[in-house]
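**Q** fold the following, please.
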Amino acid sequence: MIDLYYWTTPNGHKVPIFLEEAGLPYRIHPINIGRDEQFQPDFLKIAPNNRIPAIVDRDPAGGGEPISVFESGAILLYLAEKTGRFIASDLRQRVTTLEWLFWQVGGLGPMAGQNHHFNAFAPEKLPYAMNRYIKETARLYGVLDRRLADREFLAGDYSIADMASYPWIVPYQRQSQNLDDFPHVKRWFETIKARPAVQRAYAKAEEINPTPPA
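**A** Take a look at the predicted model:
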């Protein structure tokens, strides 16, 4: 059993996507970041950076005490190695998967996150910051588009690299991006969106934190 400490953010969505794809049993513990629940002492014991997601694996490979993991990229890699799925055993393909996983956690996520902050949440509208992060997000979409021009997924087969990047493309409109400008990203996005496991993961998110009516 995997205990998943989770809220409905792009980083949060990555882990239930993997768990649903792999068919691993898991239990969600909602951490409502709008209520600052990420600062609770019990949560900080497993996530010292007070960020979701985090997991506790109650049945780690080889047995022994439960293992806790924080940081979404580390969690995806841990789960891929635990199950032997969604990361290649071939050295070159594995390296490629890790490159694109770290591209997301070091680039797409932080830059799109700043885009969200300055364009949707900042109490003061700062045109320089807004434009800076819209343009950087567009640049990263362009990197992704070029990568996907001649392949179905980022690292050959569907992998943790795709699971990491997809949730950050879901709010493309909030990021002032148009998927029609990135046709290869759009094709990849629609392919992943149609996967049953992805749909199940987002359905659970809707149960936990329903989208307000328009």
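**Q** run a quick neighbour tally on the residue nearest to residue 204 when sequence neighbours are not counted.
**A** Distances taken as C-beta to C-beta, 6 or more residues apart in numbering place residue 16 nearest to residue 204, at 6.1 Å, with adjacent residues excluded. All C-beta atoms are positioned from the backbone trio N, CA, C, and that covers glycine. Taking other C-beta atoms under 10 Å as the criterion, the count of residues near residue 16 is 27.
**Q** and the strand or helix carrying residue 16, what does it pack onto?
**A** With the criterion set as DSSP states H and E, the secondary-structure element containing residue 16 is helix 10-22. The criterion is 3 or more C-beta pairs under 8 Å, 6 or more residues apart in numbering; DSSP states H and E, and the helices and strands that helix 10-22 contacts are strand 2-6, strand 26-30, helix 72-83, helix 109-116, helix 160-169, helix 196-208.
**Q** please redo it, this time with the cut-off set to 7 Å
**A** In this structure, helix 10-22 makes packing contacts with strand 2-6, helix 72-83, helix 160-169, helix 196-208, judged by 3 or more C-beta pairs under 7 Å, 6 or more residues apart in numbering; DSSP states H and E.
**Q** neighbours of residue 198, how many?
**A** Residue 198 has 22 neighbouring residues, counting by other C-beta under 10 Å.
**Q** residues in contact with it?
**A** Taking C-beta atoms under 7 Å, 6 or more residues apart in numbering, we find residue 198 in contact with 17, 192.
**Q** now do the contacts for the residue nearest to residue 202 when sequence neighbours are not counted.
**A** Spatial nearest neighbour of residue 202, excluding adjacent residues (C-beta to C-beta, 6+ apart): residue 13 at 7.0 Å. Taking C-beta under 7 Å, 6+ apart as the definition of contact, the neighbours of residue 13 are 167, 201, 205.
**Q** quick one on the thing from earlier: surely the residue nearest to residue 204 meets residue 201?
**A** Yes - counting by C-beta atoms under 7 Å, residue 16 sits close enough to residue 201 to count as a contact (4.0 Å).
**Q** returning to what we had before: of the contacts of residue 13, which is the most crowded?
**A** Counting by other C-beta under 10 Å, residue 167 has the largest number of neighbours within those, with 27 neighbours.
**Q** ok, the closest residue to residue 165 other than its chain neighbours - how many residues close by?
**A** Among residues not flanking residue 165 along the chain, residue 104 sits closest, at 4.7 Å (C-beta to C-beta, 6+ apart). By other C-beta under 10 Å, 29 other residues sit near residue 104.
**Q** please tell me how far residue 104 sits from residue 14.
**A** Residue 104 sits 9 Å away from residue 14 when distances are taken as C-beta to C-beta, to the nearest Å.
**Q** so what sits against both of the two?
**A** Residues within reach of residue 104 and of residue 14 at once, by C-beta under 7 Å, 6+ apart, are residue 164.
**Q** hang on, the earlier thing: make a markdown table from the contacts of residue 13 and add distance to residue 71 and pLDDT to it.
**A** As requested, those are arranged in a markdown table below (distance: C-beta to C-beta, whole Å; pLDDT from 0 to 100):
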| residue | distance to residue 71 | pLDDT |
| --- | --- | --- |
| 167 | 15 | 98 |
| 201 | 19 | 97 |
| 205 | 20 | 93 |
